[in-house]
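In: got a structure for you, letters missing:
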């Protein structure tokens, strides 16, 4: 059985003897142990939570729709704060030739130039969103490749898709380009910042240790401030210990007095640096108020990959050390079936499971479930997502698993997704739907099949 419930939930309903992570409950119910799973009864009506009370403390009042979960785990719908919907599912059409970061850049560039029409981008975005929705995600931020002329295609498509999906998934987008693109001083930053602002998006870039990095960061922060935009950077996605753009981003935020939200993704090279350098950087990150998102599956896939050699490190950043300093940290899906990560299904239960194994987010489990719920929701400026509270929409993921051991051992086990108090159809789209689209072969770059 793939679902917890076999009939739809409609109208007023009770979920009795549920278990909810204390970290996701109001303080009055949570108790003092953030790793506890608290037994509760949940009642909702017309799609809204009426009450969340200690299990058995009140008689159920919900008539025919009362479900005994027998200790089944319940989570709010989940938050995927770093994805690439525009790249999704191109790997069958343009695979990474060697599994390396440079191989991914080359393959994506070839496919983008040859195939990323509005029809192509939209079809792949829609497929990805159907997967995410079925798995129980309600808020997504995607990065959009914004190298001219692609930005004139992908941003309008995104705005159409966001409108079509507004009742199912809350969508955000951040522009993406290499920060050295600003070396040209040709008005690109003004143009892309204006486009992002008109689409109510987020300004972002991939940062490298280029000669004018600080100048470009200051320019991006001014452009964002002038338009009331938040910032979202890719940084230090490498094992090179000399890659320290995270520190430069923090310094720029402090130097410019930037008042918006700043998120930085990857930060892999930090784990390769000396303790003194790590401490200096994390002090600055905490002072600047940055949020950090790790992409554990993609980072392990790409980092330290050399032909014929077993990788020596996990490729992920220092989430434990960051969290201990009060830096908000999250994990996310990142790429899906594209040259940067050949696998994935935008299933945050899988992401959290793999993050627990890769980053050792256990013994104790603590409140790490926040990394796919409350913390990314707050970093994206959508604090209503990723938590359970009375008066909020009854958006839930209900599992047959009763504790972390059962869930993380069998993350593909039975679950039901409730949106506004009703169970959704969790049928995943068939990959065959993409066959005609992916049969188009891209132009071949010199030396790349």
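Out: Noted; the coordinates are in hand. These numbers come from a predicted model, not from an experiment.
In: the stretch 301-449 of the chain: helices as residue ranges?
Out: With DSSP state H, counting those that start in this stretch as the criterion, the stretch 301-449 of the chain has helices at 319-324, 348-359, 374-379, 404-409, 435-438.
In: looking at these, which is buried most?
Out: Mean neighbour counts were compared across these using mean count of other CB atoms under 10 Å; the top stretch is helix 374-379, at a mean of 24. Glycine gets a C-beta too; all of them are placed from N, C-alpha and C.
In: any stretches of the chain with poor pLDDT?
Out: Low-confidence segments of the chain, defined by pLDDT under 70, span residues 1, 6-11, 60-64, 440-449.
In: what angle separates the helix ranked longest in it from helix 348-359?
Out: Residue-count comparison of every helix in the chain, with assignments taken from DSSP state H, identifies helix 118-135 as the longest. Orientation note: helix 118-135 sits at an angle of 80 degrees relative to helix 348-359 (axes from the mean of the first three to the mean of the last three CA atoms, to 10 degrees).
In: of the helices of the stretch 301-449 of the chain, give the one that comes closest to residue 121.
Out: Evaluated over these, closeness to residue 121 peaks at helix 435-438, with 10.4 Å, by CB to CB.
In: elements contacting that closest one?
Out: Of the remaining helices and strands, those touching helix 435-438 by 3 or more CB pairs under 8 Å, 6 or more residues apart in numbering; DSSP states H and E are helix 118-135.
In: if you set the cut-off to 7 Å instead, what comes out?
Out: Contacting helix 435-438 under the criterion 3 or more CB pairs under 7 Å, 6 or more residues apart in numbering; DSSP states H and E is no other helix or strand.
In: tell me which stretches of the stretch 101-250 of the chain form helices.
Out: Using DSSP H, counting those that start in this stretch, the helices of the stretch 101-250 of the chain run over 101-115, 118-135, 151-164, 188-198, 213-227, 245-256.
In: wait, which of these is closest to residue 339?
Out: Taking CB to CB as the measure, the helices of the stretch 101-250 of the chain were each checked against residue 339, and helix 101-115 came out nearest at 3.9 Å.
In: list the buried residues of the closest one.
Out: 101, 103-104, 106-112, 114-115 (16 or more other CB atoms under 10 Å).
In: cool, and stretch 32-40?
Out: So, applying 16+ other CB under 10 Å, buried residues of stretch 32-40: 34, 36-40.
In: I'd like the distance from that stretch to the chain centre, please.
Out: When distances are taken as CA atoms, centre = their mean, to the nearest Å, stretch 32-40 is centred 25 Å away from the chain's centroid.
In: now stretch 375-388
Out: 12 Å.
In: and what of stretch 355-371?
Out: Stretch 355-371 has its C-alpha centroid displaced from the chain centroid by 16 Å (CA atoms, centre = their mean).
In: now what about that stretch, what contacts it?
Out: The list of residues contacting stretch 355-371 from outside it, by CB atoms under 7 Å, 6 or more residues apart in numbering, reads 21, 23-24, 34-35, 294, 296, 300, 314, 316, 319, 329-331, 404, 408.
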